[in-house]
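Participant: need coordinates for the below:
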Amino acid sequence: MATSVQNPNDTNTQNAANAASTVGQPIVTTREDYTVGFNLVKNTTTGVVDKEPAYYASGDEESKAAVQKLIDDGKFEEDYTVTTSLPLAKTQEGMNSICPDEEERCANFNRGARQKASNRLKAVLLDVNADGQFTFDEAKLTNGVYDQTEDIASPSKRKTLTEEEKLDRFLEQFPEAVRQSMKAAYASAKQTV
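Facilitator: Coordinates of the predicted model:
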């Protein structure tokens, strides 16, 4: 028996409306639907189908179709759908409102800063030129240390993803066999359009 706690509003439409209505506001709220249930995995030793708890984003038509395909293929058993509401700060005032505890606010900031610094470090250290040589410039070091303060404070570089890249990111959460099946279905659907 499925329990529905789903918001009747489409989450993409709701997110767009929230963003438009909060221009200049300290907080914006995003919504996302998740379908919760069990991945159905056949145990190769016993032949028994094991149920592994799982959830998948299902707020837009593409992700709903992906979840429905898993259900249709007998790889996922849906139990319920839940809509989440996530407040995101746009200002210092918003951060204080969402998270009044200063230590927790700093911990949240530091987790994000550490992730951003890690992403930038990977890009800087692993960048190679056309000849396959690393491009890291030791002039960026101060007393032998690469200071990442500027990496954290600099504007984030947002990359616009292609439809295929978006699909790859979405499918990362699925088992390999499911990913391949979904990619094949996507490619086939794209050819018929």
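Participant: next one: the longest helix along the chain to chain centre, how far?
Facilitator: For the chain, the helix that runs over the most residues, judged by DSSP state H, is helix 102-126. Computed by CA atoms, centre = their mean, to the nearest Å, the separation of helix 102-126 from the middle of its chain amounts to 16 Å.
Participant: what segments of the chain are helices?
Facilitator: 11-21, 61-72, 92-98, 102-126, 149-153, 163-171, 176-192.
Participant: turn those into CSV, columns for mean neighbour count and distance to residue 54.
Facilitator: All C-beta atoms are positioned from the backbone trio N, CA, C, and that covers glycine. Listed next are the helices of the chain as CSV, based on neighbours: other CB atoms under 10 Å; distance: least, CB to CB, whole Å:
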stretch, mean neighbour count, distance to residue 54
helix 11-21, 15, 19
helix 61-72, 16, 9
helix 92-98, 14, 29
helix 102-126, 12, 24
helix 149-153, 12, 34
helix 163-171, 13, 14
helix 176-192, 12, 11
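Participant: circling back: list the contacts of the longest helix of the chain.
Facilitator: Contact partners of helix 102-126, identified using CB atoms under 8 Å, 6 or more residues apart in numbering, comprise 95, 96, 99, 134, 136, 140, 146, 148, 151, 152, 156.
Participant: may I ask which two of the residues you listed are separated the most?
Facilitator: 96 and 134 (42.4 Å; CB to CB).
Participant: on that earlier part again, in JSON lines: the contacts of helix 102-126, plus pLDDT and distance to residue 71.
Facilitator: Converted to JSON lines, those look like this (pLDDT from 0 to 100; distance: CB to CB, whole Å):
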{"residue": "95", "pLDDT": "95", "distance to residue 71": "39"}
{"residue": "96", "pLDDT": "96", "distance to residue 71": "43"}
{"residue": "99", "pLDDT": "96", "distance to residue 71": "37"}
{"residue": "134", "pLDDT": "95", "distance to residue 71": "47"}
{"residue": "136", "pLDDT": "94", "distance to residue 71": "48"}
{"residue": "140", "pLDDT": "91", "distance to residue 71": "51"}
{"residue": "146", "pLDDT": "96", "distance to residue 71": "48"}
{"residue": "148", "pLDDT": "96", "distance to residue 71": "45"}
{"residue": "151", "pLDDT": "93", "distance to residue 71": "43"}
{"residue": "152", "pLDDT": "94", "distance to residue 71": "42"}
{"residue": "156", "pLDDT": "83", "distance to residue 71": "36"}
